[in-house]
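Novice: coords below, sequence missing:
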């Protein structure tokens with residue numbers, strides 16, 4: 001009986017040792033570009049600095065995933081708008097990233113309002129960027 005426990009214990013060691021040790025934790029950044037400035041607003045119960053855009057706008061962005069994923073990978077940039085006191089989904093865009101870990105794009109936003117954008121790596125653990133707030137005026 002003790003022999004069986006020892007075999008079971010030794011068989012489990014490689015499984016436990018291999019869990020999570022081989023993959024590096026990824027960091028996703030998102031930066032909005034082309035804004036005319038920024039200003040603090042309290043919107044949807046959050047006080048944040050909002051990048052300012054004249055509407056309708058092409059909200060341009062760039063970001064980096066570190067360490068860069070190998071092979072073909074995608075990032076999803078989701079935009080939410082403050083509506084009736086809460087942020088709700090309005091649009092999203094999936095982009096194929098570059099081998100360096102960089103991604104770039106633009107999302108058209110026609111309606112005036114308060115928004116945020118966030119990037120998320122597709123597949124696997126799905127790390128996300130910080131929220132980037134903006135206003136279309």
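Specialist: Structure's in. What do you need? Just so it is clear, the structure is predicted and the values come from calculations on it, not from any experiment.
Novice: Next one, pLDDT for the residue positioned nearest the centre of the chain please.
Specialist: In the chain, the centroid-proximal residue (CA atoms, centre = their mean) is residue 119; its distance is 2.3 Å. Residue 119 carries a pLDDT value of 98.
Novice: Enumerate the strands of the protein by residue range, in sequence order.
Specialist: Using DSSP state E, the strands found in the chain span residues 27-28, 31-33, 37-43, 46-53, 57-66, 74-83, 86-96, 102-109, 113-121, 132-136.
Novice: Which elements pack onto the shortest one?
Specialist: In this structure, strand 27-28 makes packing contacts with strand 57-66, strand 113-121, judged by 3 or more CB pairs under 8 Å, 6 or more residues apart in numbering; DSSP states H and E. Where C-beta positions appear, they are placed from N, C-alpha and C, glycine not excepted.
Novice: These: which one's closest to residue 34?
Specialist: Proximity of the helices and strands packed on strand 27-28 to residue 34 was assessed by CB to CB; the nearest stretch is strand 57-66, lying at 4.7 Å.
Novice: what's next to that closest one, contact-wise?
Specialist: 26-34, 53, 73, 75, 77, 79, 97, 100-109, 117, 119, 121, 127, 129, 132, 134, 136 (CB atoms under 8 Å, 6 or more residues apart in numbering).
Novice: and the angle from that strand to strand 113-121?
Specialist: Calculated by axes from the mean of the first three to the mean of the last three CA atoms, to 10 degrees, strand 57-66 forms an angle of 30 degrees with strand 113-121.
Novice: wouldn't residue 28 be in contact with residue 126 here?
Specialist: No - applying CB atoms under 8 Å, one finds residue 28 not in contact with residue 126, separated by 9.2 Å.
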